[in-house]
Every structure is written in C-alpha cells, then in structure tokens.
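Enquirer: Here is a sequence with its predicted model. Questions after.
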Amino acid sequence: MKTLEALIFDVDGTLAETERDGHRVAFNQAFQEFGLAWHWPVGLYGQLLRVAGGKERIRYYIHRYQTKFEAEDIDGLVIALHQAKAKHFQSLVENNVIPLRPGVRRLIEAAQQAEVRLAIATTSAKASVIPLLENLLGPDSPRWFEVIAAGDMVATKKPAPDIYELVINAMDLTPANCLVIEDSQQGLEASNAAGLTTVVTVNDYTRNHAFASARLVINHLGEPNLPFEVLHGDAAQAYYFSLDLAQTLVLPQR
C-alpha cells in the first residue's frame, strides 16, 4: 500500500481567498498610485486569472485592453507596477483582510502531527507568500514547509510543471505518494504534468470550471461542523478533508 508522503499546497485561492479581495484590490491600488485610469473589476479579473503570474497578467492586460497605451519603457513600468502591487498586497495581509479557507489550518496541523511532509508550490513571488503565511498561520509557519517554491524560482510558470518538479526534486519525493491541493486549471495541469495526484478546492472564480483530471473536486476542505460539497470524484463517506481521505486518494483507482 502506498503511504502518503507529502502534501503540496498552492497558495492563492487555495490556502486563502487572496485573489478577488487581495491581489485584485492591490493591482487596482498600484494603478491608482501610478496615475493610471485602469481598473480591474471582479469579472474582468476572473478572465485575467487565466494568465499565470502578476507581471504576465499586466502585460496581457495592456496588450489586450489598452492597445493605445504608450510608454517609453513598458517592461520597466510592468516591474514597477508589480512591486507597488506587492507592497499594497502586504498591507492588505497585515490588516487581516484576507481569511484562511475552511479546513486549511486543521489539515496542516494534522499533517505536522502525523509527520507528513509539507511544501508549497505557487506562482506568486516568495516575498508575497512569506508575509501571508506568517499573518494567517503564525510567525513560525514558513518553517513548517520544507520547500516554499515560488513563481520567481522557475523559468516557466503554471501550467508548466516546473514549480512542482522543483518541489519533487528538492525534497526527493515519489510523485505517486504525494497529494497536491490546488484551485485552478493551470495548477491542475501543472501538477498532473509532474505526475502528481491532485485535489481541487474551487473558489468563486473556478467553481464552474471542469476539472476532469482531478482526483477530487470540492468547494473547500471542510470542517467537522462545515461539510464540504463534492463536485467531482469520490470522497467515500468523508464530509471534511482529512489525512485518512488523502491516503485513500493516492491509492490507485480501480
């Protein structure tokens, strides 16, 4: 029988509801700071999330929606905007605007107690991830994860498998014995390409997406007093996500 070796978490939209009320707001604050009449409403941001990476998202937006915009140094502007956005995002984190998703703390603490290894694989920059973890899980929480693999550590972001391959190689993991928690199609494609079994916890932006290759799709990890909803796959009799359920999901499907 396979033994669950590690849990690998995405961050944005998976650990916390960072996208709509965090990153999107921070982008808009950065645009305002630079005197740009740009605004990303909730619906548009959902479309932009198809592009992985903050700097890549800004470039795509300029190319797609601001075709008449001119600047002497577009690349420099994109970098500066992204740096300003990171500053505003950190302020939002420090002001407790962004909550953990249901079941996240419980599952991570259970993994620690059971000595299941933990890692993070995200397209966000590490400078944004560390303060988020410290604020939501506690000042020592970054040390709970053997590897925090961030988007600025690989050449190609999700849906390429680079970030997951980095984690696998750094921790010397057996992919078949690991479970990924993701929230997006790009993340699912990336983890699948690295040979990893994946659970998707959808959010408002991804709830209606088809995640056919995920082993299980649920609305959140759940709590004993807050059952999850199964959208795809088989959770057996479980109504909240536990290490026992995780163990069954890394077993071969019959």
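Expert: Looks like it came in fine. Numbering: from 1, shown residues only.

Enquirer: Am I right that residue 8 sits in a strand?
Expert: Yes - judged by DSSP: H, G, I helix; E, B strand; the rest coil, residue 8 forms part of a strand.

Enquirer: Contact partners for it?
Expert: 118, 119, 120, 121, 164, 167, 178, 179, 180, 181, 191, 196 (C-beta atoms under 8 Å, 6 or more residues apart in numbering). Any C-beta I mention is one placed from the backbone N, CA and C, and that applies to glycine too.

Enquirer: give me the beta-bridge partners of it?
Expert: residue 119, residue 180 (DSSP bridges).

Enquirer: Next one: it from residue 141, what distance?
Expert: Look at residue 8 and residue 141: by C-beta to C-beta, to the nearest Å, they are 16 Å apart.

Enquirer: next one: residue 98
Expert: Taking C-beta to C-beta, one finds residue 98 at 15 Å from residue 141.

Enquirer: When those two are compared, which one has more neighbours?
Expert: A direct count of neighbours by other C-beta atoms under 10 Å for residue 98 and residue 141 places residue 98 higher, at 23 against 17.

Enquirer: Surely the more buried one is in contact with residue 18?
Expert: Yes - using C-beta atoms under 8 Å, residue 98 and residue 18 qualify as a contacting pair, with a distance of 5.4 Å.

Enquirer: Now for those two: what residues contact both?
Expert: Joint contacts of residue 98 and residue 18 (C-beta under 8 Å, 6+ apart) are residue 132.

Enquirer: And the strands in the stretch 151-254 of the chain?
Expert: 178-182, 197-201, 216-218, 230-233 (DSSP state E, counting those that start in this stretch).

Enquirer: List the pairing partners of the last one within its sheet, with orientation.
Expert: Applying DSSP bridges to the sheet, strand 230-233 is found paired with strand 216-218 (antiparallel).

Enquirer: ok, and what's touching the partner strand?
Expert: 199-202, 211, 228-235, 241, 249.

Enquirer: The same query, at a cut-off of 10 Å, please.
Expert: Strand 216-218 is contacted from outside by 103, 179, 182, 188, 197-202, 206-207, 209-211, 227-235, 238-241, 245-246, 248-249, using C-beta atoms under 10 Å, 6 or more residues apart in numbering.

Enquirer: Could you pick out the buried ones from those residues?
Expert: Neighbour-count burial (16 or more other C-beta atoms under 10 Å) is assigned, among these, to 103, 179, 182, 188, 197-202, 206, 211, 228, 231, 233, 235, 238-241, 245-246, 248-249.

Enquirer: Show the contacting residues for the closest residue in space to residue 160 that isn't next to it in sequence.
Expert: Spatially, and ignoring its direct neighbours in sequence, residue 160 is nearest to residue 190 (6.2 Å; C-beta to C-beta, 6 or more residues apart in numbering). Going by C-beta under 10 Å, 6+ apart, residue 190 touches 10, 52, 121, 123, 156-165, 180, 182, 184, 196, 198.

Enquirer: The residue of the chain positioned farthest from its centre and residue 81: what is the separation?
Expert: Residue farthest from the centre of the chain, counting by C-alpha atoms, centre = their mean, is residue 72 at 33.5 Å. According to C-beta to C-beta, residue 72 and residue 81 sit 15 Å apart.

Enquirer: Surely residue 195 touches residue 178?
Expert: Yes - using C-beta atoms under 10 Å, residue 195 is in contact with residue 178, at 9.0 Å.

Enquirer: neighbour-wise, which of these two wins?
Expert: The neighbour count for residue 195 versus residue 178, taken as other C-beta under 10 Å, is higher for residue 178 (28 against 14).

Enquirer: Run through the residues that contact the closest residue to the more buried one other than its chain neighbours.
Expert: Distances taken as C-beta to C-beta, 6+ apart place residue 6 nearest to residue 178, at 4.6 Å, with adjacent residues excluded. By C-beta under 10 Å, 6+ apart, residue 6 lies in contact with 111, 116-119, 146-147, 167-168, 171, 173-175, 177-180, 196.
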